[in-house]
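Participant: this one's sequence-less:
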């Protein structure tokens, strides 16, 4: 596990500044505090920071093939490297190290750009092919590991694990992308491939990018997608039995390590399932860790303790004050762009705890996306059943008009909010799901943004991100479609970003066996009715796990990894929130409607309405501006498009 960065002259072979490359590399020191190195030659520079996990003495990068015609910098783990190594040796390749990294170099030698099809793992890497003057970048299928890049005006191409490495470039324009602002306030993060800046992008999950000297930078190419290809009919029992076999194999494949390894254990279904499988294939007690909150409304530690006792794990738990709000500026430094998921705070703490005993931790991330475990999946499918009774051509004009004229009743229970119900019925599936996942819905964003900023958007709405994916989705099944949208947006943009930054801040590697691509492919082919049934998500997953986990673990109400955000912003963070949200520098960006900001601050502090999520998203945007010194106004649309 590492941090990688590099510079490439797309126009020729100009010398690369070693001082600049070193600054970029050292900005990611936290990702690889064990050792680091640079490689420079005319027109190219690679930087690498290493956290040793496999082949502790032999994995230093940049790494070369035998004749040094290929150079590699790599972040991640290749779980099938032993099998791949044997296959490549059989084809005549000679290895100099026992590291998983070297298998990538020889795989590229053998198969070229198709090498990624042979890799099982999480990865972001760059290969310099000297004879062909080619730079090849790749990112793993689900986006577990990050890759950012930028093309500067002078033809210099830069890449890095984190955006902060690119922010070392003096010629990188720091103009804020208006479309990214709209996306951020809708989703709570900036979805791929955008970053908050017009000048930088993220390489999409499951994509590669090939650059050649003297040629324009092309579009990235997709090499994998979630297939959602239906399996041959199986009985419920057959599904459950095969699921456990595949889950156990995925977990076991993720246990290769030459350093101490453990697991997060929240007490929820997903992390408990991973720990149960680990215990079944490990000859030593599993190291597990959990954080407890000193407020029962947010504390799941008792359920984590139950699983730890059942599987006799070496368990460690620490209690965190529910008012653990001192990380706002720390988070801004970690994420480099606005990021509004407040669960980043407990995630940071559990990574901090885990690192005290292990260097690698397995997590349960991906279970909700695989098996339709989110509440919004149930709600969206409930709405969709009603929508399906009438064609959109009829629903949109009838219910759209009713939604506009009917009084809004925020005070009423959800089922009685007729305005909300009419609006939901007027939407198609993608629009409805977008509305359900938005941290600030269309109505809120319209009030939040100034009229001038809305004009800059030129009609762009963040739902277009989802519409783009929906148009190319490999399924037309409604539940599978919204799972697919999650896997393209929320999973890489929020969940995996959160875990990557929080873990690497503590030099901790986190692995996600539920996102092993072979497991994801198989699960995607299960019928929707096996995932969401009678209002219960993860149906087949929970049934398969009944021999391994108690009913309390499997079937209690989902709790989530949350914090008391509303109370913080009315209590200990009230003054800080007011100063940040009404900050003249923030208002001078021209993005916000000052009157609306004042209104939501006053209403939240008075307790008449709960605007916590909106206020937090503005607060984190302000923290980003203060940390990064970004331009105080969005770039013109001609540059942002």
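Facilitator: Perfect, I can see it now. None of the values given here were measured: they were computed from a predicted structure.
Participant: give the burial count for residue 50, as a bare number.
Facilitator: The burial count assigned to residue 50 is 23, neighbours taken as other CB atoms under 10 Å. C-beta: built from backbone N, CA, C; applies to glycine.
Participant: quick one: the closest residue to it other than its chain neighbours from residue 89, how far?
Facilitator: Once flanking residues are discounted, residue 50 sits nearest to residue 32: 4.2 Å by CB to CB, 6 or more residues apart in numbering. Separation of residue 32 from residue 89 (CB to CB, to the nearest Å) stands at 28 Å.
Participant: so for these two, which sits in the more crowded spot?
Facilitator: Using other CB under 10 Å as the criterion, residue 32 and residue 89 rank with residue 32 on top: 23 against 12.
Participant: got a list of what the more buried one touches?
Facilitator: Residues near residue 32 by CB atoms under 8 Å, 6 or more residues apart in numbering: 1-3, 48-51, 507.
Participant: ok, now residue 344?
Facilitator: Residue 344 sits next to 327, 331, 334-335, 498, 501-502 when contact means CB under 8 Å, 6+ apart.
Participant: still on that earlier bit, specify which member of the contacts of residue 32 is nearest to residue 261.
Facilitator: Ranked by distance to residue 261 (CB to CB), the contacts of residue 32 are led by residue 1 at 12.2 Å.
Participant: confidence-wise, which of the contacts of residue 344 comes last?
Facilitator: For those, the weakest pLDDT value sits at residue 327, with 82.
Participant: leaving out the residues flanking it, which one is nearest to it?
Facilitator: In space, and not counting its chain neighbours, residue 327 is closest to residue 345: 5.3 Å by CB to CB, 6+ apart.
Participant: the one you found touches residue 331, doesn't it?
Facilitator: Yes: applying CB atoms under 8 Å, one finds residue 345 in contact with residue 331, separated by 7.3 Å.
Participant: give me the more crowded residue out of those two.
Facilitator: Per other CB under 10 Å, whichever of residue 345 and residue 331 has more neighbours is residue 331, with 24 against 21.
Participant: nearest spatial neighbour of that one, skipping sequence neighbours?
Facilitator: Distance criterion CB to CB, 6+ apart; nearest residue to residue 331, sequence neighbours excluded, is residue 344 at 5.5 Å.
Participant: ok, now how distant is the one you found from residue 188?
Facilitator: Counting by CB to CB, the gap from residue 344 to residue 188 is 10 Å.
Participant: what does residue 94 give?
Facilitator: 49 Å.
Participant: so which of the two has more stuff around it?
Facilitator: Taking other CB under 10 Å, residue 94 and residue 188 do not tie; residue 188 has more neighbours (23 against 9).
Participant: does the more buried one touch residue 490 like I think?
Facilitator: No: between residue 188 and residue 490 there is no contact under CB under 8 Å: 9.1 Å.
Participant: which strands and helices lie in contact with whichever strand or helix holds residue 49?
Facilitator: Secondary structure assignment for residue 49, by DSSP states H and E: strand 44-50. Counting contacts by 3 or more CB pairs under 8 Å, 6 or more residues apart in numbering; DSSP states H and E, strand 44-50 packs against strand 2-9, helix 18-26, strand 35-41, strand 70-78, strand 121-129.
Participant: could you rerun that using 6 Å?
Facilitator: strand 2-9, helix 18-26, strand 35-41 (3 or more CB pairs under 6 Å, 6 or more residues apart in numbering; DSSP states H and E).
Participant: as a markdown table, the ones you listed with mean pLDDT and mean neighbour count would be great.
Facilitator: Shown next, in a markdown table, are the helices and strands packed on strand 44-50 (pLDDT from 0 to 100; neighbours: other CB atoms under 10 Å):
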| stretch | mean pLDDT | mean neighbour count |
| --- | --- | --- |
| strand 2-9 | 96 | 27 |
| helix 18-26 | 97 | 18 |
| strand 35-41 | 90 | 17 |
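Participant: so which of these comes closest to residue 107?
Facilitator: Among these, strand 2-9 comes nearest to residue 107, with 17.3 Å by CB to CB.
Participant: let me know the angle separating that closest one from strand 35-41.
Facilitator: 10 degrees (axes from the mean of the first three to the mean of the last three CA atoms, to 10 degrees).
Participant: where exactly do the strands run in the stretch 201-350 of the chain?
Facilitator: Using DSSP state E, counting those that start in this stretch, the strands of the stretch 201-350 of the chain run over 201-202, 207-212, 221-222, 261-264, 287-293, 314-320.
Participant: list the contacts of the second one.
Facilitator: Just to be clear, that refers to strand 207-212. Outside of strand 207-212, the residues within contact range by CB atoms under 6 Å, 6 or more residues apart in numbering are 113, 134-139, 203, 217, 220-223.
Participant: re the thing from before, parallel or antiparallel, list what pairs with the very next helix or strand once past the strand holding residue 49.
Facilitator: Proceeding N to C from strand 44-50, the next assigned helix or strand is strand 63-64, under DSSP H and E. With DSSP bridges as the test, strand 63-64 is paired with strand 70-78 (antiparallel).
Participant: for the strand it pairs with, give me every contacting residue.
Facilitator: For strand 70-78, the surrounding residues in contact (CB under 6 Å, 6+ apart) are 2, 4, 39, 46, 48, 61-64, 100-101, 103-105, 119, 121-129, 145, 161.
Participant: relative to strand 121-129, how tilted is it?
Facilitator: Taking the same axes, to 10 degrees, one finds that strand 70-78 is oriented at 180 degrees with respect to strand 121-129.
Participant: begin at 399, not 1, for the rest of this chat.
Facilitator: Happy to do that; since the first residue is 399 now, the last one works out to strand 468-476.
Participant: list the buried ones in the next helix-or-strand element following strand 468-476?
Facilitator: For strand 468-476, the following helix or strand on the C-terminal side (DSSP H and E) is helix 479-488. Residues 479, 482-483, 485-486 are the ones in helix 479-488 that count as buried (16 or more other CB atoms under 10 Å).
Participant: tell me what whichever helix or strand comes after helix 479-488 is packed against?
Facilitator: Downstream of helix 479-488, the next assigned helix or strand under DSSP H and E is helix 498-509. In terms of contacts (3+ CB pairs under 6 Å, 6+ apart), helix 498-509 is packed against strand 468-476, helix 479-488.
Participant: quick check: angle from the last one to strand 468-476?
Facilitator: The directions of helix 479-488 and strand 468-476 differ by 140 degrees, with the same axes, to 10 degrees as the criterion.
Participant: contact partners of helix 479-488?
Facilitator: 498, 501, 504.
Participant: if I look at the closest residue to the first one other than its chain neighbours, how far off is residue 532?
Facilitator: Which is residue 498. Spatially, and ignoring its direct neighbours in sequence, residue 498 is nearest to residue 479 (3.7 Å; CB to CB, 6+ apart). Applying CB to CB, the value for residue 479 to residue 532 is 24 Å.
Participant: where does pLDDT dip in this protein?
Facilitator: Across the chain, the ranges flagged by pLDDT under 70 are 399, 450-457, 720-722, 788-823, 958-960, 1028-1039.
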